[in-house]
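S.K.: Generate a structure from the sequence data that follows.
(4 chains)
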There are 4 protein chains.
Amino acid sequence: MAKEAPYLWFNEPPIDYDIYRFAVKSFLYDGQTEFQRVVILDTFEYGRMLVLDGFAQSSEKDEYIFHEALVHPTMVTHGDPRDVLIIGGGEGATLREVLAHGSVERLVMVDLDRELVEICKEHLPEWHQGKFDDPKVELVFEDGKQYVERCESMFDVIIIDLQDPLDEDSPAAALYTERFYASVRQRLRPGGLLVVQAMELSATNDLEGDDHLMVRNRLMKVFSTVRSYLVFVPTFQSEWAFVVASDGPDPASLTREQIEEGLSRQGTPEGRDLGKSLSFYDADAHIRMFTLSRDLKRFLAGLPPTEYGAR
Amino acid sequence: MAKEAPYLWFNEPPIDYDIYRFAVKSFLYDGQTEFQRVVILDTFEYGRMLVLDGFAQSSEKDEYIFHEALVHPTMVTHGDPRDVLIIGGGEGATLREVLAHGSVERLVMVDLDRELVEICKEHLPEWHQGKFDDPKVELVFEDGKQYVERCESMFDVIIIDLQDPLDEDSPAAALYTERFYASVRQRLRPGGLLVVQAMELSATNDLEGDDHLMVRNRLMKVFSTVRSYLVFVPTFQSEWAFVVASDGPDPASLTREQIEEGLSRQGTPEGRDLGKSLSFYDADAHIRMFTLSRDLKRFLAGLPPTEYGAR
Amino acid sequence: MAKEAPYLWFNEPPIDYDIYRFAVKSFLYDGQTEFQRVVILDTFEYGRMLVLDGFAQSSEKDEYIFHEALVHPTMVTHGDPRDVLIIGGGEGATLREVLAHGSVERLVMVDLDRELVEICKEHLPEWHQGKFDDPKVELVFEDGKQYVERCESMFDVIIIDLQDPLDEDSPAAALYTERFYASVRQRLRPGGLLVVQAMELSATNDLEGDDHLMVRNRLMKVFSTVRSYLVFVPTFQSEWAFVVASDGPDPASLTREQIEEGLSRQGTPEGRDLGKSLSFYDADAHIRMFTLSRDLKRFLAGLPPTEYGAR
Amino acid sequence: MAKEAPYLWFNEPPIDYDIYRFAVKSFLYDGQTEFQRVVILDTFEYGRMLVLDGFAQSSEKDEYIFHEALVHPTMVTHGDPRDVLIIGGGEGATLREVLAHGSVERLVMVDLDRELVEICKEHLPEWHQGKFDDPKVELVFEDGKQYVERCESMFDVIIIDLQDPLDEDSPAAALYTERFYASVRQRLRPGGLLVVQAMELSATNDLEGDDHLMVRNRLMKVFSTVRSYLVFVPTFQSEWAFVVASDGPDPASLTREQIEEGLSRQGTPEGRDLGKSLSFYDADAHIRMFTLSRDLKRFLAGLPPTEYGAR
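M.R.: I've put the predicted structure just below:
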C-alpha cells in the first residue's frame, strides 16, 4: 500500500443521490469565519480546492477556465472598460483576470468576508497572484447590496461572482433578486455590462425551479439584452453558465475578427497582446460559449427538448 | 424513510481516486454474454443505463446528445449519404439516428456480440425504437476488423462506435490501430467520411497517454483531413470527443447556412425537414462542437495551456 | 481491470453519516411484494444477502450465527420444547434451527408476506434447506398480532423474528408494544419462554431512544425474568442483541454442564447429539452471550459507563 | 442544509471491496513524522480519531474498550505486576491503564516515533490524561526489537501494542516474528506474561493467511500457555483479538471470584478498589472475552465451522 493511497475524501452535500467524491491528499486549512466555514484541501486530481460551507468554489487545475470565462467575454464586448466592480470573488482570481486588461484604471472589489480574503491571500497564491496589492484595486468589506445602494460611482463592467443562492434564506439570496439587479443597473455607465455567475445549465435538468432560469428571467425584467453562455468546468463535472446583461452591446453578435482585434487593442498593462497571454479565452472560446445546441435553446425558452418519438 | 431512498449504487471501476457514484432505483438485467458482462440498471438521475464490463455506455436521459453528436455532423457534411456502415453500436441508437436521414438506402451494422444486441432489443426500446427491423438494415455479427477486411462494399459514411480500448489486450484494441483505419479507408467512396467515438477530451488531462490524442494521431497518418469535436454528456460528467476523418469535405468549414440547408434538403424518410425533428443537433450545435477554446487547441497540438504566470 | 472489480454496491439508508458499503457481485432478485421491496444480491464478502426495504436481513456467510443465537439459548433453557411459534422469520432459517431439536412436534410460523416466503424458498435454499416442507410445519400468512389474538393454541417457545420497528408508523411497530407482549404471554404454557430479536446493543450508543432498551423495558413490564444477550454478527458490523422473557426458567443461570447435557439429551430428530451438529452454539457460546461487560450492564440499567476521569 | 451536514470523509484503504466510511467534522492534525503519516480527525460518530498511514488506531468514543481489554486481563492474571514494559502504544492510553494498578512501580514504554508521541501528547489528552509525566514512567524512543535485545531489565508484564504487520516489509513486521517473541520471553520474570494486540478474529475469515492465527501460532512455538481472547470494538466494526502468552498463570482459568478479589486487592495508586473505577473491564468482561463460541474454537484449531448441511 503506497502511502499516497487515498483515504480522505470530500463530496458536496447532500449525498442522498448521485455523488461525486474527490480523493484528498491533505487538508491545508479548516476554519470558520464570521460568515462561513472555509476548507482548503489538496486533491489528487484537481490540486488545491477552496470549499465554502461544503461547496467546491474552484480548484487549482481548472479555475483558469471558470475565471477567464467569467471575465473576458464581457470585458471584450465592452471594448474599453476603465472602471470595474466585482461583487464577491474572494479568491482573487476574478480580480486577476480583470487586471489583465490594459484599459482598467480602477477596480473595486466588494466582499462581505474579510477573513475569507485573508485566508485566500495566504493559501491560494496561484489564484490571486499578488494582485490584491495592485494600486488600481480598492477592497471593500461590506455586503454587496448595501454597497451598491450607497455607491455613487459609475462602472463600465460589473461582475457578480457569488456563491449559489442555496435557498431564500441564504445570505447570498438578496443578491439574486430583480430589485438588486435594478440597483446594479443604476451603477452602469451607458454601454456598460453586467455579468453574473449563474450556476449549472443543462437541458436535461428540470425546467421547474432551475436556478439558471431564475437568474436569467429576473435579469430579463431589468435589461434589454440578456445572454446565457456556458462552458464545461471539470471540477463541477458540468457545463457552467453565466449571464451577460446590458442595455448596450450584445456579446453574442461579436465576430471572430472583432474579438481578436479587441484582445489585441485592449492589450495587457505591459502593452502586450492580451490574446497571446490567456490560457482559455480566445475568439473560438467566445463563439463556442455563446453558441448553444437546439435542446439548450429550447430549455432557455422554457420548452422541453424535442422527443425523438415526435419525429 | 421513503422506500425510494437510494441504497443501490453503481460506479465505474477502479475506485482508487475520484469517484462518481450513481444512485440506482433497480436492476433490470444482469448477465454475461460470450464477450462481456451486461448490466442494465434504472438510475434515479439518468433513467435506464447500459453498463458493459463496469463501464457506462449511455443512459436514457442524455443518449440523444451522444448519438446525435456522433452521427449527424458527418452525415450532414457528406451531403447525400446512401450507404452507411456502423461498427459497434449495439444499443441501436446510432442506427436510429442514421435512419433519420432520408437519403440512406443501406445500413450495415457490424457488432461482435449477438447476445448484447438481443438484450438491447428487449430492454432498451427507447434507444433503438424498433429500427433494427427496418428493411434497409443489415445486421452482421462478426468482428469489425474481420468484416472490414473481407468486405467488398463501398460506403459513404462509416461510424465506429466502440467501447474504449482499455488496454492493448482488450478485444477492441485492434479496432483502434492505424492499420485498421487504413482498411476502413479502403471501404470509403470518394467524398466519404469516417467518424470515430474518441473518448474524453480535456486540456486539463495529462498529455501522456491521452486516449483521444492516440486515436487522432493515428487517423492523421491515414487521412488528409482530421477534426476533433466535442460535446458535454452529463452521464460521463465530461466533454466527450469524436474524430471525423476524410480525404474529402471538412466538417469544420461548414457555415450555419450550409448546415441548415443540408438538414432541410436531406430530410427524413417521410420527407420532413430533418432539422425540425432532432433534439440536440442543429447548425449551432455543429458550430459549437467544432469550435474549440485556446487551451484545447494547444492540447491537441501537443502543447500545454499557457500558464498565467507566463503573461 | 479484472471483470470482477466491483462496480455495484449496496448500503443501508440513510447515508448522511457513517456508511458501510457492500461490494456486490450481481443482483439475483429485485421485486416488490404487497408489503415490501425484496432485493437479493450476491456480495463479494458475505455471499448472498437478503435486503428488505433497503435493510440487510441476513447473509449467507454468517446467518448461522444470527439464527443459532436467536433459537438455541431459549430452546435449551426450556429443556423439552414441543410446540413452537415463530412470528416473522420469512427466510426459513429460524424454522430450520427450531427443527434441529428432536423434541419439536409442531412448529407454527406466521409471516405476513406470502410472496416473500415464496421468493426465499426459491432463492435462499441455504437458509431454509427445504424445511418449509417438513410435516411438523404449519405456515400461516397473516399479521402476527392478529394471529396471536385469535389463536387458541399454547406454545413452549415463541420466537419473534421481525424487522426493526423503524418508526411508530411501520407495520412492524404494533408487534413491539407492551400490549402485544401481553397477548403473547397468554399463549405460553407454564415454563414457556419468549425470545425477541432486539436490535443492536452498544454501551457507546445514546441511552435516549435506544431501540433495544425500548424492547427490554416493555418486556420487563410483562414478564418476571428478562435477559438481554448479544453476539457479534459481521454482516451487521455490530453486536446484535436478543431478549429472552419468561415467568419460568432463567437462561442466564445455566451452567456449562447443564447446557451440554441439554444439547445431548434434546438431540436431533435423527437421535444424534445436537451439540455436535451445530456451527456456532455450544455451552461457551451461551455463556459468552449472556455475560456482559461492566459498561453494558450499566447501559442496560440506564447509566452511562464510568468516565475514566472519575477514578 | 445545516452546516454540520458531512462533506468530509475518512475510510481505510484500499477501497476495492467493502468500505466503512466515517463522516468527519473537521481535521485537527495532518503531518508526516520520520516514520508515518499522522492524521487526527474529529468524526461525527466516534469523536476524535487517530489515523496512522491511513489506518484507524483508536477513537475517543471507544478507545476505553480496546485499552482496558488489552491491559487488565493480563495484569489481573499476574496478580502483582511491579515492572511493566509497553512496546508501542504511542497514544498513551495503554500507559494510562497500566498506571491504574496500584502495584506498578516502574513502567517502560518503548516507541520508535518520538514525534508521534509529541503529537498525541498535544492532541489526544483524553487518551493519555497527563500520565506521560508520571514519575514511574520511563519513555524510550527506539526500535522495540533493538530495545528488547539490548535490555537487561526483567518485567512482570510485557504489552505489545503495535500497528498491524501489513506486509513482510513493514517496519512492524520484525516485531511479529517467533524470534522476537523468544527475545521478549527472556525479559519476563517467572510468572510473567506477555500480551499482544492481535488483529481482527472471525470464524468467517479465511483460515489461510489469517493474521491472528499467524501471531497465535508463532507464540505457541515459544510459550507453553497461549490464549486468544476477543472483544467487539465499534470503531473497528469487528471483534478484536489479543493473545496472552506465558509459561505461568492461565488467564482463561480465573474464576469470577478470583478476578473480583484481584481487582480489589490490586487497587489504584490512591488505594481505591480498581474494580470500581474501570469502565469496561470486570469479572464478566474477562469471562466473556476468554469464552469463545464453537465456530471460533474450531477456527483457532484450524478447522472450518461445522457446515449445517453436515448435520
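
S.K.: going forward, measure contacts and count neighbours with C-alpha atoms only.
M.R.: OK.

S.K.: ends of stretch A:133-140, how far apart?
M.R.: When the termini of stretch A:133-140 are compared using CA to CA, to the nearest Å, they are 13 Å apart.

S.K.: Check the offset of it from the chain's centre.
M.R.: 19 Å (CA atoms, centre = their mean, to the nearest Å).

S.K.: Just confirm yes or no for it near chain B.
M.R.: No - applying CA under 8 Å from any CA of the partner chain, one finds stretch A:133-140 out of contact with chain B, separated by at least 15.7 Å.

S.K.: Now that stretch: buried residues?
M.R.: Applying a neighbour-count criterion of 16 or more other CA atoms under 10 Å in any protein chain shown, the buried positions in stretch A:133-140 are A:137, A:139-140.

S.K.: The stretch 51-200 of chain A: helices as residue ranges?
M.R.: Counting by DSSP state H, counting those that start in this stretch, the stretch 51-200 of chain A forms helices over residues A:63-78, A:93-99, A:114-123, A:125-128, A:144-150, A:178-186, given from the N-terminal end onward.

S.K.: Any chance of TSV for those, columns mean pLDDT?
M.R.: Converted to TSV, these look like this (pLDDT from 0 to 100):
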stretch	mean pLDDT
helix A:63-78	98
helix A:93-99	98
helix A:114-123	97
helix A:125-128	96
helix A:144-150	96
helix A:178-186	97
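
S.K.: Need the buried residues of stretch A:133-140 in TSV (columns: pLDDT and distance to D:E60).
M.R.: Formatted as TSV, the buried residues of stretch A:133-140 follow (pLDDT from 0 to 100; distance: CA to CA, whole Å):
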residue	pLDDT	distance to D:E60
A:V137	98	48
A:L139	98	44
A:V140	98	44
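
S.K.: A:E34 - how many residues pack around it?
M.R.: A:E34 has 10 neighbouring residues, counting by other CA atoms under 10 Å in any protein chain shown.

S.K.: Surely it forms part of a helix?
M.R.: No - secondary structure assignment places A:E34 outside any helix; it is coil (DSSP: H, G, I helix; E, B strand; the rest coil).

S.K.: Return the member of the buried residues of stretch A:133-140 nearest to chain C.
M.R.: Taking CA to the nearest CA as the measure, chain C sits nearest to A:V140 out of the buried residues of stretch A:133-140, at 38.2 Å.

S.K.: wait, what's in contact with the closest one?
M.R.: With CA atoms under 8 Å, 6 or more residues apart in numbering or on different chains as the criterion, the residues that contact A:V140 are A:108-111.

S.K.: And those residues, which is closest to chain D?
M.R.: Distances from these to chain D were compared by CA to the nearest CA; the smallest belongs to A:D111, at 20.7 Å.

S.K.: List the beta-bridge partners for that closest one.
M.R.: On DSSP bridges, the residues paired with A:D111 through beta bridges are A:F141.

S.K.: Would you check how far apart it and D:H123 are?
M.R.: Counting by CA to CA, the gap from A:D111 to D:H123 is 35 Å.

S.K.: Of the two, which one has the most company?
M.R.: In this view A:D111 and D:H123 are compared by other CA under 10 Å, and A:D111 has more residues nearby, 22 against 17.

S.K.: Contacts only, for that one.
M.R.: Contact partners of A:D111, counting by CA under 8 Å, 6+ apart, are A:87-90, A:139-144.

S.K.: Please apply the same query to A:V24.
M.R.: With contact set as CA under 8 Å, 6+ apart, A:V24 has these partners: A:6-10, A:41-44.

S.K.: got it, and A:L124?
M.R.: A:L124 is in contact with A:E91, counting by CA under 8 Å, 6+ apart.
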